[in-house]
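Q: structure, please.
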Amino acid sequence: MHANLAEILAEKRKEVDILKNRNWSTHGGNNVPPIRDFKGVISVPDKISLIAEIKFASPSAGIICKKTDPVTIGKIYEKAGAAAISLLTDKKFFGGDLNHLSRLKKAISLPVLRKDFIIDEVQVRESFLGGADATLLIARILSHRQLKDLRDICHDLGMAALIEVHDRQDIEKAVACGADIVGINNRDLNTFNVSLETTIKLAPLVPEGRIIVSESGVKNKGDLQLLKQAGIQAVLVGTSLMKSKDIGKKARELAGA
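A: Prediction:
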């Protein structure tokens, strides 16, 4: 395991310990906004849907862009034609903030994916109460039992689960746990190198009937055309959007491709 990932997971375990000391309930009354159909908007026939990500930094890239109100960015993405929004909520390593989740959900009409390192059900409940329509679950950092339990909790609460995989073993685990949305991350967790060939190689291993999302490394229309030929239904794009001088223009380019 890469040192950066090990450090992130150690921090997440500390965060989970703090969360468990709170009184968590999933009965938020009128304060919890209705769940939106994340799965539906990223599985439109004959189209690659754009999941546009709000991300200000990462361990591999450092500072990606100057911090801006995520609500402003979310509205730009929505106007540009994105199908859904991914909000990175990790504060220490990615410059995110979970408090932005509910604000973003109220300001836009698109489904919102909470992207973080989820290792415990208390984080899933936290996501639900914050207004997430979907959560990211990373197969590599979870046992088979953990992955299945967390995926089941997501579905019981009405949220979608985007299960991220990096290799054949991850795919087998995800499928065995009932994954209906599989995200193939093109970033190698050991080297942090990125290659779209990862999606091209792994996509045929995902059984029919699952939605496949390609994550990381998508930069232009040519990349989208390559992925469409590989049978991909959606792409999750963060860095190339957030680094762009004109986020709206770049989002329109990818959403319209």
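
Q: quick check, residue 184 in contact with residue 211.
A: No - if you go by C-beta atoms under 8 Å, residue 184 and residue 211 don't touch, sitting 11.2 Å apart. For glycine as for every other residue, the C-beta is placed from the backbone atoms N, C-alpha and C.

Q: please state the offset of the lengthiest helix in the chain from the chain centre?
A: Scanning the chain for the helix with the most residues, using DSSP state H, yields helix 3-20. Put simply, helix 3-20 sits 18 Å off its chain's centre (C-alpha atoms, centre = their mean, to the nearest Å).

Q: which residues in the stretch 151-257 of the chain form helices?
A: Per DSSP state H, counting those that start in this stretch, the stretch 151-257 of the chain carries helices over the ranges 168-176, 197-202, 221-229, 239-242, 247-255.

Q: the residue sitting nearest the centre point of the chain and residue 242: what is the separation?
A: Centrality entry for the chain: nearest residue to the mean C-alpha point is residue 115, 4.4 Å, by C-alpha atoms, centre = their mean. In this structure, residue 115 and residue 242 are 13 Å apart, going by C-beta to C-beta, to the nearest Å.

Q: mutual contacts of those two, please.
A: Shared contacts of residue 115 and residue 242 (C-beta atoms under 8 Å, 6 or more residues apart in numbering): residue 53.

Q: wait, what's in contact with the residue nearest to the centre of the chain?
A: For residue 115, the contacting residues are 53, 86, 87, 88, 89, 136, by C-beta under 8 Å, 6+ apart.

Q: where do the strands sit along the stretch 101-250 of the chain?
A: With strands called from DSSP state E, counting those that start in this stretch, the stretch 101-250 of the chain shows them at 112-115, 134-138, 160-165, 181-185, 211-215, 234-237.

Q: so which elements touch the last one?
A: By that I understand strand 234-237. Judged by 3 or more C-beta pairs under 8 Å, 6 or more residues apart in numbering; DSSP states H and E, strand 234-237 is in contact with strand 49-54, strand 211-215, helix 221-229.

Q: what of the fifth one?
A: The helices and strands touching strand 211-215, judged by 3+ C-beta pairs under 8 Å, 6+ apart, are strand 181-185, strand 234-237.

Q: pull the distance from that strand to the chain's centre.
A: Relative to the centre of its chain, strand 211-215 is centred 10 Å away, using C-alpha atoms, centre = their mean.

Q: that one - what's its average pLDDT?
A: Confidence over strand 211-215 (mean pLDDT, whole number) is 98.
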